[in-house]
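# based on what follows, work out the 3D shape:
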Amino acid sequence: MKKTEICMEGLKRKIGDDDFMKVCLDALNKGPKRVRIASREELKIEIQKYKNAYLNLAAAWKKTG
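Model (predicted):
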């Protein structure tokens, strides 16, 4: 048996089968929620926003020297 299996069996005996499964599932579901991936159009808008900001900054640098 692996060390993790031994630990899991020990916890099952200590906590009880039903509570053990609930604790495990709660721990697994506790992680961060899923993040929605941006669409192609949203990415294009984002790129254009940063491109415009860069062009404005470059123009300001040219003016000030």
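# how about the contacts made by Leu57?
Leu57 sits next to no residue when contact means CB atoms under 8 Å, 6 or more residues apart in numbering. No exception for glycine: its C-beta is placed from N, CA and C like everyone else's.
# and it, what element?
Assessed by DSSP states H and E, Leu57 sits inside helix 40-64.
# list the buried residues of that helix.
If you call a residue buried by 16 or more other CB atoms under 10 Å, then helix 40-64 has no buried ones at all.
# report the distance from that helix to the chain centre.
Relative to the chain's own centre, helix 40-64 is displaced by 27 Å; criterion: CA atoms, centre = their mean, to the nearest Å.
# now Leu11. Nearest residue, chain neighbours left out?
Phe20 (6.0 Å; CB to CB, 6 or more residues apart in numbering).
# tally up the residues packed near that neighbour, please.
For Phe20, the count of nearby residues is 16 (other CB atoms under 10 Å).
# what about the most centrally placed residue in the chain? Give its phi and psi, please.
Centroid-nearest residue in the chain, with CA atoms, centre = their mean: Pro32, separated by 5.6 Å. Dihedral pair for Pro32: phi -70, psi 150, per degrees, to the nearest 10.
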